[in-house]
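**Q** Build me a model from this:
(chains A and B)
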Amino acid sequence: GNSVTQMEGPVTLSEEAFLTINCTYTATGYPSLFWYVQYPGEGLQLLLKATKADDKGSNKGFEATYRKETTSFHLEKGSVQVSDSAVYFCALSDDNAGNMLTFGGGTRLMVKP
Amino acid sequence: KAGVTQTPRYLIKTRGQQVTLSCSPISGHRSVSWYQQTPGQGLQFLFEYFSETQRNKGNFPGRFSGRQFSNSRSEMNVSTLELGDSALYLCASSLDVWTGDGYTFGSGTRLTVV
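**A** Modelled structure (predicted):
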C-alpha cells in the first residue's frame, strides 16, 4: 500500500534560517505529491503540489521537487518567517486510489524571532 | 468564492450517542472526502463521495457512515460514540474525481466524546 514518511518535529529555527523538511513515499501507482500546512485551530491548506517526476512545486517561497529516483518530495524555504510556524504535512494520491490522500505524520515548525 | 464549510465547529457528545456532521463543498465541486485527525493516528481517510455515490472507504468500523446529496453537500454520521472517536473531522472537496489539483479542506469539526 501507499505510505508517506516525514521527519519528526518539532523543528525549531530562527527567523531567516533555511528550512528543509524531509518527505519520502511509497506508492503502488504514479502518485501526485502535495504539501499541506495547518495553522493552529484551522484545517489544512494546500501549500504546493507536483504531479509527475522532476516537477517542482512552489508557493510563498516554499519549494519541493518530485524525485522519483529517491521517492522523495522534500520541502524547502530559503528564509523562514515567524508566520511560517505551523504543522506541515506531506501527502500523496495515486491514480489507483482516486482522490484518497495518504498523509505523513506531520512536522511542527516553530520559528523564533 | 466561499470555501468548504463545515458545521458545527465544535461538538461535545456522550458515549453511546450518535452525531451528524455537515460539509458544504465549494460551489461546483462534486467530490467530497472526509478525514479523521487525531494526535495518535494522524490524518486518516474515512470516505469519499462523488455524485451521491461512495467511491472509496477507509478502514473504519461500520459505525461511521456518510452520504452526499444532489447539491453535493455531504454529511457523515457516527453512531454509538466511543471515547476514541474524539477527533478533528475534516472535509475536503475537489472539482472532480481525479484532477491532481489538490483538495480544499474545511476548518473541521472538533468532536469531543465524554
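**Q** Chain B contacts on chain A?
**A** A:32, A:34, A:36, A:41-46, A:49, A:51, A:89, A:91, A:93, A:95, A:97-106 (C-beta under 8 Å from any C-beta of the partner chain). Heads up, the C-betas are built off the backbone N, CA and C, glycines and all.
**Q** Mark which of the residues you listed are buried, thanks.
**A** Applying a neighbour-count criterion of 16 or more other C-beta atoms under 10 Å in any protein chain shown, the buried members of those are A:32, A:34, A:36, A:43-46, A:49, A:51, A:89, A:91, A:93, A:97-106.
**Q** Any figure for the gap between the most centrally placed residue in chain B and residue A:67?
**A** Among the residues of chain B, residue B:34 comes closest to the average C-alpha position under C-alpha atoms, centre = their mean, at 3.2 Å. For residue B:34, the distance to residue A:67 under the criterion C-beta to C-beta, to the nearest Å works out to 31 Å.
**Q** just how off-centre is stretch A:101-113 within its chain?
**A** Relative to the chain's own centre, stretch A:101-113 is displaced by 8 Å; criterion: C-alpha atoms, centre = their mean, to the nearest Å.
**Q** Pull up the distance across that stretch, start to finish.
**A** Its first and final residues considered, stretch A:101-113 spans 34 Å by C-alpha to C-alpha, to the nearest Å.
**Q** In space, what's closest to residue A:42 - neighbours in sequence excluded?
**A** Counting by C-beta to C-beta, 6 or more residues apart in numbering or on different chains, residue A:42 lies nearest to residue B:107, which is 5.5 Å off, once chain neighbours are set aside.
**Q** rewinding a little: of the buried ones among the residues of chain A next to chain B, which belong to strands?
**A** Counting by DSSP state E, the part of these found in strands is A:32, A:34, A:36, A:44-46, A:49, A:89, A:91, A:93, A:102-103.
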